[in-house]
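> sequence first, predicted coordinates after that:
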Amino acid sequence: MTKRIQTVQTLSAVALVFVLQACGGGNGPAMSGTGNSTGSGTAGTTGTGGTTGTGGTTGVAGTTGTGGSAAGGSTALGEPACLSTVTKGGACTPTDQQLCFKTCGPEKTGFKSEMCTTAGTYAEMSGCSFDPAKDYSCYKIPAAANTQCPAGTPMGSASCDVPHCVLCNSLQGVTGGQYNDSGGAPKVGWCTCQEPNAQGLRTWTCASDTAWPCPLGAGC
């Protein structure tokens with residue numbers, strides 16, 4: 001009887017083993033493990049690219065000085081002044097002044113250029129140029145003779161005693177009258193008696209009709 005019981009117990013134990021093995025082993029029911037889920041963490045956002053710095057604005061170019069002349073380095077009307085070696089029709093070389101200016105007109109109010117040409121001589125401009133920004137009303141040519149003018153023909157650089165801005169010539173200032181230059185040569189134009197110089201002397205300053213501030217002898 002005892003042996004029968006042991007056999008039954010043995011068979012029961014064997015059966016239990018098969019049942020446990022069929023159910024997944026001795027550590028409890030084997031459950032199909034859920035596959036590892038891919039991490040749901042948000043992928044690292046790529047950093048926003050640094051903004052490229054705005055290019056520096058190129059500085060405004062400096063303005064070149066008014067009236068600069070490449071040939072003579074002139075920076076203003078009537079400059080540079082001619083050296084004493086520059087004469088009309090005189091010889092010049094590439095090392096001499098290439099472009100310069102001399103004064104002209106009454107009281108040296110105008111200027112004319114002297115340019116060294118490829119022929120190797122200085123060519124002087126015709127006439128006389130005047131700064132349009134200046135007032136030349138003192139040299140306005142009269143329509144009638146100035147009775148304050150002395151008789152005869154005035155001579156450049158000679159002494160005088162006539163109110164300043166009174167134009168005189170052989171016709172007392174009327175268009176077509178003549179004056180004599182400092183060398184005594186007669187020319188068509190006008191003279192005016194300058195204000196006293198440092199020594200208190202007054203002299204005639206004269207210019208031809210082509211070197212007068214009033215165009216072609218009319219108006220100012």
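Nice, thanks for sending it over. Residues are numbered from 1 along each chain as shown.
> mind listing what's buried along stretch 145-158?
146, 149, 154-156 (16 or more other Cβ atoms under 10 Å). Backbone N, C-alpha and C define where each C-beta goes, glycine included.
> now do the helices in this structure.
Secondary structure of the chain (DSSP state H): helices at 2-22.
> what is the burial count for the residue nearest to Trp204 when sequence neighbours are not counted?
Spatial nearest neighbour of Trp204, excluding adjacent residues (Cβ to Cβ, 6 or more residues apart in numbering): Cys191 at 4.4 Å. Close neighbours of Cys191, defined as other Cβ atoms under 10 Å, add up to 29.
> now the strands for this protein?
Counting by DSSP state E, the chain has strands at residues 99-104, 110-116, 122-124, 178-180, 186-193, 204-208.
> okay if I get these as JSON lines plus distance to Leu77 and mean pLDDT?
Compiled in JSON lines, these are given as follows (distance: least, Cβ to Cβ, whole Å; pLDDT from 0 to 100):
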{"stretch": "strand 99-104", "distance to Leu77": "8", "mean pLDDT": "96"}
{"stretch": "strand 110-116", "distance to Leu77": "7", "mean pLDDT": "96"}
{"stretch": "strand 122-124", "distance to Leu77": "17", "mean pLDDT": "97"}
{"stretch": "strand 178-180", "distance to Leu77": "26", "mean pLDDT": "98"}
{"stretch": "strand 186-193", "distance to Leu77": "22", "mean pLDDT": "97"}
{"stretch": "strand 204-208", "distance to Leu77": "18", "mean pLDDT": "96"}
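> quick one: which of the ones you listed is nearest Thr87?
Taking Cβ to Cβ, strand 122-124 is the member of these nearest to Thr87, at 6.5 Å.
> which strands and helices sit next to that closest one?
Judged by 3 or more Cβ pairs under 8 Å, 6 or more residues apart in numbering; DSSP states H and E, strand 122-124 is in contact with strand 110-116.
> hmm, who's touching the strand it packs on?
The contact list for strand 110-116 (Cβ atoms under 8 Å, 6 or more residues apart in numbering) reads 71-72, 77-78, 82, 86, 88, 92-94, 96-104, 122-125, 127-130, 211, 213.
> give me the angle between it and strand 99-104.
Between strand 110-116 and strand 99-104, the angle comes out at 150 degrees (axes from the mean of the first three to the mean of the last three Cα atoms, to 10 degrees).
> before we move on, the earlier item: the residue nearest to Trp204 and Asn197, how far apart?
Cys191 sits 16 Å away from Asn197, going by Cβ to Cβ, to the nearest Å.
> one more: Thr95?
Look at Thr95 and Asn197: by Cβ to Cβ, they are 37 Å apart.
> for Tyr136, same thing?
Per Cβ to Cβ, Tyr136 is found 21 Å from Asn197.
> ditto for Met115
For Met115, the distance to Asn197 (Cβ to Cβ) stands at 32 Å.
> and Ala144, how many neighbours?
Neighbourhood size, Ala144 [other Cβ under 10 Å]: 8.
> how about the contacts made by it?
Ala144 makes contacts with Val174, as judged by Cβ under 8 Å, 6+ apart.
> and it, what's its pLDDT?
On pLDDT, Ala144 comes in at 95.
> domains in this protein, by residue range?
Per automatic domain parsing, the domain ranges recorded for the chain read 70-132, 135-220.
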